[in-house]
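Peer 1: Quick one: sequence and predicted model below, then my questions.
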Amino acid sequence: MTREEFGEFLLAARQELADKQEKFVTESNVSGYEEYWIDIANGTLDFIEGEAGRISYEVICIGTWSETQRSWMWAWAHESFPAEIRRQSAALQELYVRTNSPVFRTETFECEEAQAIELTAMSVRHLNAIGMYRIPGEQAQLYVAVMKKRSLQ
């Protein structure tokens with residue numbers, strides 16, 4: 001992929017993410033829920049509104065961005081994540097084949113938050129996810145691709 005083609009790919013991924021996010025937030029109303037719960041081991045993200053309201057989604061962990069370190073780490077490189085979660089995330093290394101960009105095979109590297117969002121946009125596009133969610137943490141923010149709604153039994 002040439003530099004120009006990569007720029008077009010990135011622009012399309014950013015626009016696609018914006019469109020998907022608008023639809024995801026509007027249709028799910030996730031911003032109206034009081035709290036959320038991420039279960040990394042099971043790849044689920046639940047939004048909870050008191051006792052009565054709860055929606056759940058399957059997610060794939062993309063990576064983490066640390067504001068203090070100004071760095072990105074792919075989920076497939078996080079040894080603290082379960083093996084199955086790292087395996088799912090490893091599918092993002094396929095973006096290297098498509099783009100020839102070494103960032104998709106580099107475990108950790110310096111980047112700004114805007115770049116983390118661009119990596120997320122390209123990942124959401126590659127995974128054909130319905131959106132993304134950013135989970136704040138004490139040391140880093142976790143970015144996940146929201147794949148589909150789960151039925152609650």
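Peer 2: Received the coordinates, thanks.
Peer 1: from here on, contacts and neighbour counts on C-alpha atoms
Peer 2: Noted.
Peer 1: Can you name every helix or strand that the top helix by length along the chain contacts?
Peer 2: In the chain, taking DSSP state H as the definition, the longest helix is helix 3-28. Secondary-structure packing of helix 3-28 (3 or more Cα pairs under 8 Å, 6 or more residues apart in numbering; DSSP states H and E): helix 113-127, strand 131-135.
Peer 1: Could you figure out how far that helix is turned away from helix 113-127?
Peer 2: Helix 3-28 runs at 80 degrees relative to helix 113-127, counting by axes from the mean of the first three to the mean of the last three Cα atoms, to 10 degrees.
Peer 1: C-terminal to helix 3-28, which secondary structure element comes first?
Peer 2: strand 35-39 (DSSP states H and E).
Peer 1: Can you name the element that comes right after that following strand?
Peer 2: Downstream of strand 35-39, the first helix or strand assigned by DSSP H and E is strand 44-49.
Peer 1: Adjacent strands (with direction) for the next helix-or-strand element following that next one?
Peer 2: Sequence order places strand 53-66 as the next helix or strand after strand 44-49, per DSSP H and E. Pairing partners of strand 53-66, with direction, according to DSSP bridges: strand 44-49 (antiparallel), strand 71-74 (antiparallel), strand 141-150 (antiparallel).
Peer 1: Could you list the alpha-carbon positions for the next helix or strand after the shortest one in CSV?
Peer 2: It stands for strand 71-74. Counting by DSSP H and E, the element after strand 71-74 in chain order, helix or strand, is helix 83-89. Output of helix 83-89 as CSV, limited to C-alpha atoms (Å, rounded to 0.1, in the frame of the first residue of the first chain):
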residue,chain,number,x,y,z
ALA,A,83,-4.7,-16.4,25.9
GLU,A,84,-8.0,-16.5,24.0
ILE,A,85,-8.4,-12.7,24.2
ARG,A,86,-4.8,-12.3,22.9
ARG,A,87,-5.6,-14.8,20.1
GLN,A,88,-8.7,-12.9,19.0
SER,A,89,-6.7,-9.6,19.1
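Peer 1: What helices and strands are in contact with helix 83-89?
Peer 2: strand 53-66.
Peer 1: any low-confidence regions in this structure?
Peer 2: 51-52, 153 (pLDDT under 70).
Peer 1: before we move on, back to that, for the strands paired with strand 53-66, which one ends up most surrounded?
Peer 2: Ranked by mean neighbour count under mean count of other Cα atoms under 10 Å, the strands paired with strand 53-66 are led by strand 71-74, which reaches a mean of 23.
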